[in-house]
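S.K.: only geometry, no sequence info:
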């Protein structure tokens, strides 16, 4: 019961939805293609050895995560990248980026301190 509540809560969490959508390499490749401009389902399917219905399922996941939108032009439904959820991931990751940068700065300071005092100074 607790697991069901957790999964239900997670499904309404946009960050979790975005990360889940990005977990698949095919969906990441689709987003990479859409970063170059709008494309139809057929155009998006070209590089993959999967069926059009499989590509459509990937697009549905991306659309539900808010990562793409689909327009309507006559019989075409061009897909377009929606980058806002990616910005939210970047904001979330920024906290960890600052942690790692701070850790690397401390490591750099430590390495400078130990190499300065290692006795290998050639000027003596």
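M.R.: It's in. Keep in mind that this is a model prediction, so the values were computed, not measured. Residues are numbered from 1 along each chain as shown.
S.K.: In contact with the spatially most central residue of the chain, which residues?
M.R.: What sits nearest the mean C-alpha location of the chain, by Cα atoms, centre = their mean, is residue 22, with 5.3 Å. Contacts for residue 22 (Cβ atoms under 8 Å, 6 or more residues apart in numbering) come out as 28, 31, 67, 89. Placement of C-beta: from N, CA and C, glycine included.
S.K.: Burial check on the third one, number of neighbours?
M.R.: This means residue 67. Neighbourhood size, residue 67 [other Cβ atoms under 10 Å]: 24.
S.K.: Tell me who's in contact with it.
M.R.: Contacts for residue 67 were tallied using Cβ under 8 Å, 6+ apart; they are 18, 21-22, 31, 81-82, 85-86.
S.K.: now do 10 Å
M.R.: 17-18, 21-22, 27, 30-31, 34, 59, 61, 79, 81-86 (Cβ atoms under 10 Å, 6 or more residues apart in numbering).
S.K.: do the second one as well
M.R.: Neighbouring residues of residue 31 by Cβ under 10 Å, 6+ apart: 21-22, 62, 67-68, 79, 81-83, 86.
S.K.: Which stretches in this protein count as helices?
M.R.: 2-11, 14-22, 25-34, 41-45, 52-64, 84-116 (DSSP state H).
S.K.: Residue 73 is nearest to which of those helices?
M.R.: Between residue 73 and these, the tightest spacing by Cβ to Cβ is seen for helix 41-45, at 12.8 Å.
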